[in-house]
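Undergrad: build me a model from this:
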Amino acid sequence: MVSKNQIKLISGLHQKKQRFANQLFFAEGVKVIQELLQSNFELEHLYTTQNDFEAVQSSKRTLINEQELKKISALSTPNSCLAVFKIPAENKIIDSGLILALDDIRDPGNLGTILRLCDWFGINQIICSKETVDIYNPKVVQATMGSITRVNVNYVDLKNFIAQTKLPIFGTFMDGENIYKSNLPQNGIIIMGNEANGISAEIEKMVTSRLTIPRFGELQKTESLNVATATAIILSEFKRNC
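TA: So this is what the prediction gives:
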């Protein structure tokens, strides 16, 4: 059974303010929860409608019914389980190799997908501007499908971070160099911009190499690519000849 106080706490974790006040976040679904349990994330409590997760000690596991799960879930069609985890302290920034920097990414699904892409392509470090959506947003956690456990993410003043690095800075623009004809290094910072506005003007001034993904369509009518789709193409090209 879920108590009223537990419902209040978990419902509050839908909001960034309450997540950071309590230093807690939650995840839903067997796969994501299993990935988190097998990582360094510390479990606060697990709620499940099934007799599963037997490896979790009984004091941290509560069997609930589907109606109770609906009261705490962020999903329109809840899965069979929800787990609350402690938010860990940020790890030290990995300042070598390829780093992905996100300039004001607002959509949770995009951020979650980008984490999965970094996991797939072996990008160990993501740098997020302070305006970028919270990594512990339930929709972000869900979209990562467990990749949140394998990619280091830090929130910083992006302008200051870039100003202090000695790595080359890559940005994607409509007027950049064709990425398919570019000689791409295995060290650098790749910046991806906001869904609607792209890379901000102050960050654009700091870019040392402008890249573009060329359009091949006959009519050339498509204005832009989804940021997660563009990220997949760019990371693939950087990694293709490594």
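Undergrad: element containing residue 153?
TA: Using DSSP states H and E, residue 153 maps to strand 152-156.
Undergrad: could you tell me the average pLDDT over that strand, please?
TA: Taken as a whole, strand 152-156 has an average pLDDT of 98.
Undergrad: all strands for this protein, in order.
TA: Along the chain, counting by DSSP state E, strands occupy 24-28, 43-48, 61-63, 81-86, 98-102, 125-129, 152-156, 169-178, 188-192, 209-212.
Undergrad: tell me which residues of the shortest one come out buried.
TA: By that I understand strand 61-63. residue 61 (16 or more other Cβ atoms under 10 Å). The C-beta positions use only the backbone N, C-alpha and C, and glycine is treated the same way.
Undergrad: all helices of this protein, in order?
TA: Assigned by DSSP state H, the helices in the chain fall at 4-12, 16-22, 30-37, 66-72, 108-121, 138-144, 158-164, 201-204, 227-240.
Undergrad: among those helices, which comes closest to residue 127?
TA: Distance to residue 127, taken as Cβ to Cβ, is lowest for helix 158-164 among the helices of the chain, at 6.1 Å.
Undergrad: now residue 165: how far from residue 96?
TA: To residue 96, residue 165 is 10 Å away according to Cβ to Cβ, to the nearest Å.
Undergrad: which one's more surrounded, those two?
TA: With neighbours defined as other Cβ atoms under 10 Å, residue 165 and residue 96 compare such that residue 165 has more, 16 against 11.
Undergrad: which residue is the nearest non-sequential neighbour of the more buried one?
TA: Residue nearest to residue 165 in three dimensions, not counting chain neighbours: residue 189, with 6.4 Å by Cβ to Cβ, 6 or more residues apart in numbering.
Undergrad: tell me what the one you found is bridged to.
TA: For residue 189, the beta-bridge partners under DSSP bridges are residue 99, residue 169.
Undergrad: got it, and the one 5 residues further on?
TA: Applying DSSP bridges to residue 194 yields these beta-bridge partners: residue 198.
Undergrad: name all residues that make contact with it.
TA: 103, 104, 105, 106, 200, 227 (Cβ atoms under 8 Å, 6 or more residues apart in numbering).
Undergrad: mind doing that once more with 7 Å?
TA: Counting by Cβ atoms under 7 Å, 6 or more residues apart in numbering, residue 194 touches 103, 104, 105, 106.
Undergrad: state the distance from residue 33 to residue 81.
TA: 6 Å.
Undergrad: mind listing the shared neighbours of the two?
TA: Counting by Cβ under 7 Å, 6+ apart, nothing touches both residue 33 and residue 81.
Undergrad: who has more neighbours out of these two?
TA: residue 33 (26 against 23).
Undergrad: any weak-confidence spans in the chain?
TA: Along the chain, the model assigns pLDDT under 70 to residues 219, 221.
Undergrad: do you know how far residue 155 is from residue 139?
TA: 17 Å.
Undergrad: now swap in residue 71 and tell me
TA: For residue 71 relative to residue 139 (Cβ to Cβ), the value is 18 Å.
Undergrad: who has more neighbours out of the two?
TA: Set side by side, residue 71 and residue 139 show more neighbours around residue 139, with 17 against 14, by other Cβ under 10 Å.
Undergrad: right, and residue 27 touches residue 139 too?
TA: No: here residue 27 does not reach residue 139: they are 11.1 Å apart, not a contact under Cβ atoms under 7 Å.
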